[in-house]
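K.L.:
based on what follows, work out the 3D shape:
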Amino acid sequence: MTGPRPAAPDGDAERAAPRRGRLGRWRDQALALGWLVVVWNLLWGEVSWANLAGGLLVGGGVLLFFPLPAVTFAGRLRVRALVVFAVRFGVELVSASLHVARIAVQPGYRPRGAIIGVRLRVRTDLNLALTAEAVSLVPGTLILEVDRDSGTLYLHVLDTHGSAQLSIVRERTLAVERRVVRAVGSDAELRLVETDPVEKGTLP
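P.N.:
Predicted structure coming up:
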């Protein structure tokens, strides 16, 4: 009668763990480079082969010479939500550009600026970065500071009159965060932004 077989050595699992870690780091670097290329093209205002190549060079240089803390991507890409995010971002970009252009050409009009803080629901580095980039690329709003510990974005708003408009800006910022999480967030993050009562009255 033979006794129980000894447990298989876990050397394979130990060797697989570093490989998974390296693959995860390469994946995160690739995602970061992709977003930097997207931002580079948005800043230039057009997508072209020259801008794509320039974005790859600049993004690669940023990641090589100015390494940021590791940002783990724990979510998943949702194509439909990503398309919705892109469409809504384009609409807001055009609308805000027309508003800023009207302010620039309107005789005697003096816009009244304000600074507000908006605390996000998902406080990961990735969500803070993506939401801050999406908000600051829309004319009329500018990110002044990001409080990483509390997950708060401090925005300068170009033209606002009264607390009601500040509330609208805050709701729009939270709506941008929700669309970002819908596009690339994890299931747990998605549940957080969908069920948070602060979202009531916010446009989707």
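
K.L.:
three-state assignment of the residue most central in space within the chain?
P.N.:
Among the residues of the chain, the one closest to the centroid is Leu130, at 1.2 Å (C-alpha atoms, centre = their mean). Three-state call for Leu130 (DSSP: H, G, I helix; E, B strand; the rest coil): helix.

K.L.:
what residues are up against it?
P.N.:
By C-beta atoms under 8 Å, 6 or more residues apart in numbering, the contact list for Leu130 reads 35, 180, 184. C-betas here are computed from N, CA, C, even on glycine.

K.L.:
looking at the residues you listed, which is nearest His99?
P.N.:
Using C-beta to C-beta, Val180 comes nearest to His99 of the contacts of Leu130, at 22.6 Å.

K.L.:
assign that closest one to helix, strand or coil.
P.N.:
Three-state assignment for Val180 (three-state DSSP): helix.

K.L.:
repeat for Tyr154
P.N.:
Secondary structure assignment for Tyr154 (three-state DSSP): strand.

K.L.:
burial count for it?
P.N.:
15 (other C-beta atoms under 10 Å).

K.L.:
that one and Gly117 touch, don't they?
P.N.:
Yes: proximity of Tyr154 to Gly117 meets the contact threshold set by C-beta atoms under 8 Å, at 5.1 Å.

K.L.:
overlap in contacts of the two?
P.N.:
Joint contacts of Tyr154 and Gly117 (C-beta under 8 Å, 6+ apart) are Asp147.

K.L.:
for His161, give its distance to Val180.
P.N.:
28 Å (C-beta to C-beta, to the nearest Å).

K.L.:
more neighbours, the two?
P.N.:
Val180 (28 against 10).

K.L.:
identify the residue nearest that one in space, chain neighbours excluded?
P.N.:
Among residues not flanking Val180 along the chain, Leu130 sits closest, at 4.9 Å (C-beta to C-beta, 6 or more residues apart in numbering).

K.L.:
related to what we said a few turns ago, now do the residue nearest to the centre of the chain, the pLDDT please.
P.N.:
You'll see Leu130 listed with a pLDDT of 90.

K.L.:
follow-up on the earlier one: with pLDDT and distance to Pro111 added, can I get the contacts of Leu130 in TSV?
P.N.:
Output for the contacts of Leu130, formatted as TSV (pLDDT from 0 to 100; distance: C-beta to C-beta, whole Å):
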residue	pLDDT	distance to Pro111
Trp35	83	31
Val180	93	28
Val184	90	34
